[in-house]
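Participant: sequence unknown, structure follows:
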């Protein structure tokens, strides 16, 4: 990205952990530090960037072997009418309420299929709750409804679920990613309570109101496709850094222990390829490309 845009020198903190960390209020002394983080929350003041997962997905699109934002859009399962009328969840034990979700699944197997695939935080509960086999992510979309629950912070699979053509049932949360403020509960997804007390009721509502549930799923997919385009992500990064630079009061300092990463100038970064020059082939034009 930095080869395509011009930015002034910047000096900033970036938090590479999952949790947002700046809890000081604006009137505190000393005041909050402008820290860039992958995730925000209602009780912190971090500057939110796209998550490392979305960023990596965008940069590795069509090149990696793992799921990316575009591959999900081409693997959304069967048509709505042929999907299984159940809510679905698979994930690690990174929040205790996920274990309660599995208990709900055992109590209401006709409405919910939920399982824990990896144990780390609550290993003492594995024997009672059980361990579910892994399911390929594209197979999630065989189900009409997807349960999205926080892990340690916001569940970073949320944008992937939104890009499918299933209805997302999102747990109410204080955590958010960079694009959440463009989404509207009830229009793009269905909110369920933090303690999941209304989850079964919401699934039953979706089954009884199939056309409305499908319309909400379509609206969620459409806005996610718009917001998560690669150009939108790159633009977001640029705007964050641009606005940050406008507010930066001091000039960045290059310290002795810093390593300079040379950047090619405009001359060396220009394309030097010569399409069609070999084998006497005609040169391709923009229209042909």
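Facilitator: Everything's here; your move. Note that the structure is predicted; figures quoted are calculated from it, not measured. Numbering: from 1, shown residues only.

Participant: how close does the closest residue to residue 26 other than its chain neighbours get to residue 222?
Facilitator: The shortest distance from residue 26 to any non-neighbouring residue, by C-beta to C-beta, 6 or more residues apart in numbering, is to residue 32 (6.7 Å). All C-beta spots, glycine's among them, are computed from the backbone N, C-alpha and C. Separation of residue 32 from residue 222 (C-beta to C-beta, to the nearest Å): 36 Å.

Participant: quick one on the thing from earlier: which strand or helix spans the residue nearest to residue 26?
Facilitator: Assessed by DSSP states H and E, residue 32 sits outside every helix and strand.

Participant: Quick check: pLDDT value at it.
Facilitator: In this prediction, residue 32 carries a pLDDT score of 90.

Participant: a strand runs through residue 91, doesn't it?
Facilitator: Yes: with DSSP: H, G, I helix; E, B strand; the rest coil as the criterion, residue 91 is assigned to a strand.

Participant: Was I right to think it contacts residue 121?
Facilitator: No: contact between residue 91 and residue 121 fails when scored by C-beta atoms under 8 Å: they sit 11.7 Å apart.

Participant: So between those two, which is more surrounded?
Facilitator: residue 91 (20 against 16; other C-beta atoms under 10 Å).

Participant: so what's the more buried one bridging to?
Facilitator: Under the criterion DSSP bridges, residue 91 forms beta bridges with residue 116.

Participant: Now do the contacts for it.
Facilitator: Shown in contact with residue 91 (C-beta atoms under 8 Å, 6 or more residues apart in numbering): 98, 116-117, 149, 151, 155, 157.

Participant: where are the low-confidence patches of the chain?
Facilitator: Low-confidence segments of the chain, defined by pLDDT under 70, are located at 1-4, 61-67, 263-289.

Participant: show me where it has helices.
Facilitator: Along the chain, the stretches classed as helices by DSSP state H are 52-59, 69-73, 96-107, 126-129, 158-163, 199-208, 210-227, 230-247, 266-269.

Participant: Distance to residue 142 and mean neighbour count added to the ones you listed, as CSV?
Facilitator: As requested, those are exported to CSV (distance: least, C-beta to C-beta, whole Å; neighbours: other C-beta atoms under 10 Å):
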stretch, distance to residue 142, mean neighbour count
helix 52-59, 22, 18
helix 69-73, 14, 18
helix 96-107, 16, 17
helix 126-129, 23, 13
helix 158-163, 13, 24
helix 199-208, 16, 17
helix 210-227, 14, 17
helix 230-247, 28, 14
helix 266-269, 46, 8
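
Participant: Quick check: which of those helices is nearest to residue 140?
Facilitator: Using C-beta to C-beta as the measure, helix 158-163 is the one of these that comes nearest residue 140, at 7.4 Å.

Participant: Packing partners of that closest one?
Facilitator: In terms of contacts (3 or more C-beta pairs under 8 Å, 6 or more residues apart in numbering; DSSP states H and E), helix 158-163 is packed against helix 69-73, strand 143-148, strand 167-171, helix 210-227.

Participant: redo that, cut-off 10 Å
Facilitator: Judged by 3 or more C-beta pairs under 10 Å, 6 or more residues apart in numbering; DSSP states H and E, helix 158-163 is in contact with helix 52-59, helix 69-73, strand 143-148, strand 167-171, helix 210-227.

Participant: Nearest to residue 201, out of those?
Facilitator: If you check each of the helices and strands packed on helix 158-163 against residue 201 by C-beta to C-beta, strand 167-171 wins as the nearest, at 10.8 Å.

Participant: strand partners of the closest one, parallel vs antiparallel please.
Facilitator: For strand 167-171, the paired strands and their directions (DSSP bridges) read strand 143-148 (parallel), strand 190-192 (parallel).

Participant: tell me the most buried of these?
Facilitator: Mean neighbours per residue, mean count of other C-beta atoms under 10 Å, is largest over these for strand 143-148, with a mean of 24.

Participant: ok and that strand relative to helix 199-208, angle-wise?
Facilitator: Taking axes from the mean of the first three to the mean of the last three C-alpha atoms, to 10 degrees, strand 143-148 and helix 199-208 form an angle of 150 degrees between their directions.

Participant: chain center to strand 143-148, what's the gap?
Facilitator: Averaged C-alpha coordinates place strand 143-148 at 16 Å from its chain's average position (C-alpha atoms, centre = their mean, to the nearest Å).

Participant: Fine, thanks again, bye for now.
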